[in-house]
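1. Starting from these lines, generate the structure:
(one chain, ligands or ions: 1)
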Amino acid sequence: MAGELKKLWVLLSLRVLLSVSGSWSGVRAQTQAQVPCYFVFGDSLVDNGNNNAISSLAKANYRPYGIEFPRGPTGRFCNGRTTADVFGEFHTSLSYSSTGQNWASSKPLFFFLPLNFWVSIIPPYATTRGQDVLKGVNYASAAAGIRDETGQQLGARISMNRQLRNYKNTVSQIVNILGDENSAADYLSKCIYSVGMGSNDYLNNYFMPQIYSTSCRYTPEQYADVLIKQYSKQLRTLYKYGARKVVLIGVGQIGCSPSELAQFSPNGTACVERINRANQLFNIRLKSLVDNFNKNLADAKFIYVNAYGIFQDLLENPSSFGFRVTNAGCCGVGRNNGQITCLPFQIPCPKRDEYLFWDAYHPTEAVNVIIARRSYSAQSSSDTYPIDIRRLAQL
Ligand SMILES: *[C@@H]1O[C@H](CO)[C@@H](O)[C@H](O)[C@H]1NC(C)=O
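-> Got it, this is the predicted structure:
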């Protein structure tokens, strides 16, 4: 009890300290910071609570999800932080360092920060009000896809088209706050946007032929073309509403997720190549889209993150990154722990950092941190294209 109280006190005092310095930086950010704001679009890989309030089977607002956070579940489909949370930390430290007060890189404070502070940095659209929209909003929704029908067997979800409608609503709030459209456009042009869509268009659409007809109508090549055509239109809308610095996150190796291994891998270890090949067809086209936008849209600065390749490094050489189990969820049910996601109050595996997957579909925080770090600061020339997020932020 005393221990709990002491912990609470430490959390509260850090929160006060940080919210004071936070608002100070917010003021400075508008004049000096490289990245004053961060907007997030995507699916369950980065959903931070938008699905909590909608009628969907795709929810993660119960234990053991969020087990790394002092206050437990948040709606994130992970034991801890998502890649968007980790990007948010980098962006925030960037804006602090650009004001000459780089407390975020001072190690002692950094390591004592309660995770809840970080995870509250970019709030979910569902709960963001007033001036808070200026620092950025997270629109991501589990089960959502580029296509509207994607994920419908799981109930309600906020598709990419609807995430864009919500973003337009935010933009009009920002126009009101800053006074006119030019100031809003100028402000938004400095923000980082990350968009990670497409996984569900495979997982909860194309490779679910009992429910969706797309695999009868399209070859994998045609489907990748159809997806990219629609995505391209959606990303142009994002550009039209102010986005200039955009990070496009490719789809990962869905054929290696415990869910797909449980269904289709004869020995439960070998990845499902026909799914991975389809994912790569999408990624190749997405990377070309980056060139297309940078060439044809004035002032556009799009980059591509090779999440597929980074994940492949972890799969091929898990022990050098400290991982031990690559083919089963840390929690879940059945073959590979891949047949159902974590059950409410299920006790997860004890060493979460040794698993690549937290549940049937989602990487652990340990993996998210690695993917986010390598996207922010590329370790290999194939991690990001044409530049990494760190350089994008500086442009
Ligand atoms: C599983 O099957 C693949 C290909 O069929 C093989 O290369 C791999 O060694 C097998 N793994 C195990 C653990 O049996």
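
2. Arg157: what's its closest spatial neighbour, skipping adjacent residues?
-> Ala143 (4.0 Å; C-beta to C-beta, 6 or more residues apart in numbering). (Glycine included, C-beta is placed from N, CA and C.)

3. That neighbour belongs to a helix?
-> No: looking at Ala143 with DSSP: H, G, I helix; E, B strand; the rest coil, it is coil, so not inside a helix.

4. and it, how many neighbours?
-> Neighbourhood size, Ala143 [other C-beta atoms under 10 Å]: 26.

5. if I look at it, how far off is Gln173?
-> 26 Å (C-beta to C-beta, to the nearest Å).

6. ok so, going back, from Ile340, how far out is the residue nearest to Arg157?
-> Distance, Ala143 to Ile340, using C-beta to C-beta: 15 Å.

7. Over to the one residue in the stretch 51-200 of the chain that gets nearest to the ligand: give its phi and psi.
-> Proximity of the stretch 51-200 of the chain to the ligand (C-beta to the nearest ligand atom) peaks at Ser199, 24.0 Å away. Main-chain torsions, Ser199, degrees, to the nearest 10: phi -60, psi -50.

8. How about the contacts made by it?
-> Neighbour list for Ser199: Asp43, Leu45, Gly145, Val251, Gly252, Ile254 [criterion: C-beta atoms under 8 Å, 6 or more residues apart in numbering].

9. State the number of residues packed around the third one.
-> To tie it back to what came earlier, the one meant is Gly145. Residues near Gly145, counting by other C-beta under 10 Å, number 28.

10. Please verify my assumption that it contacts Met197.
-> Yes: between Gly145 and Met197 there is a contact under C-beta atoms under 8 Å: 6.6 Å.

11. tell me, what's touching these two both at once?
-> Common neighbours of Gly145 and Met197 (C-beta under 8 Å, 6+ apart) are Asp43, Met160.

12. tell me the SS of Asp299?
-> Per three-state DSSP, Asp299 ends up coil.

13. What separation do you get for it and Pro363?
-> For Asp299, the distance to Pro363 - C-beta to C-beta - is 34 Å.

14. So between those two, which is more surrounded?
-> Pro363 (26 against 10).

15. For the more buried one, give its distance to the ligand.
-> Using C-beta to the nearest ligand atom, to the nearest Å, Pro363 is found at 21 Å from the ligand.

16. Who is that residue paired with across the strands?
-> Phe357 (DSSP bridges).

17. That one touches Gly80, doesn't it?
-> No: the criterion here is C-beta under 8 Å, and Pro363 misses it with Gly80 at 10.7 Å.

18. Show me where this structure has its strands.
-> With strands called from DSSP state E, the chain shows them at 38-42, 192-196, 245-249, 301-305, 325-329, 355-357, 384-385.

19. from the middle of its chain, how far away would the shortest one be?
-> In this case it means strand 384-385. Mean-position distance between strand 384-385 and its chain equals 17 Å (C-alpha atoms, centre = their mean, to the nearest Å).

20. contacting residues for the residue nearest the centre of the chain?
-> The structure's the chain has its C-alpha centroid closest to Val46; by C-alpha atoms, centre = their mean the separation is 3.2 Å. Neighbouring residues of Val46 by C-beta under 8 Å, 6+ apart: Val40, Thr82, Thr83, Ala84, Asn138, Ala140, Ser194, Gly196.

21. Can you select the buried ones from those residues in ChimeraX?
-> Of the contacts of Val46, the buried ones go into a single ChimeraX selection, burial set by 16 or more other C-beta atoms under 10 Å:
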select :40,82,83,84,138,140,194,196
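
22. would you turn the contacts of Val46 into JSON lines with pLDDT and distance to Ser56?
-> JSON lines is the format used below for the contacts of Val46 (pLDDT from 0 to 100; distance: C-beta to C-beta, whole Å):
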{"residue": "Val40", "pLDDT": "97", "distance to Ser56": "18"}
{"residue": "Thr82", "pLDDT": "96", "distance to Ser56": "18"}
{"residue": "Thr83", "pLDDT": "95", "distance to Ser56": "22"}
{"residue": "Ala84", "pLDDT": "94", "distance to Ser56": "19"}
{"residue": "Asn138", "pLDDT": "97", "distance to Ser56": "16"}
{"residue": "Ala140", "pLDDT": "98", "distance to Ser56": "13"}
{"residue": "Ser194", "pLDDT": "97", "distance to Ser56": "22"}
{"residue": "Gly196", "pLDDT": "98", "distance to Ser56": "19"}
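
23. The residue in the stretch 101-250 of the chain positioned nearest to the ligand: neighbour count?
-> Nearest to the ligand in the stretch 101-250 of the chain, going by C-beta to the nearest ligand atom, is Phe207, at a distance of 19.5 Å. Phe207 has 20 neighbours, counted by other C-beta under 10 Å.

24. now the one 10 residues further on
-> Neighbourhood size, Arg217 [other C-beta under 10 Å]: 11.

25. from here on, count from 672
-> Sure, I'll start numbering at 672, so the last one becomes Arg888.

26. returning to what we had before: and the residue of the stretch 722-871 of the chain closest to the ligand, what's its pLDDT?
-> pLDDT recorded at Ser870 is 98.
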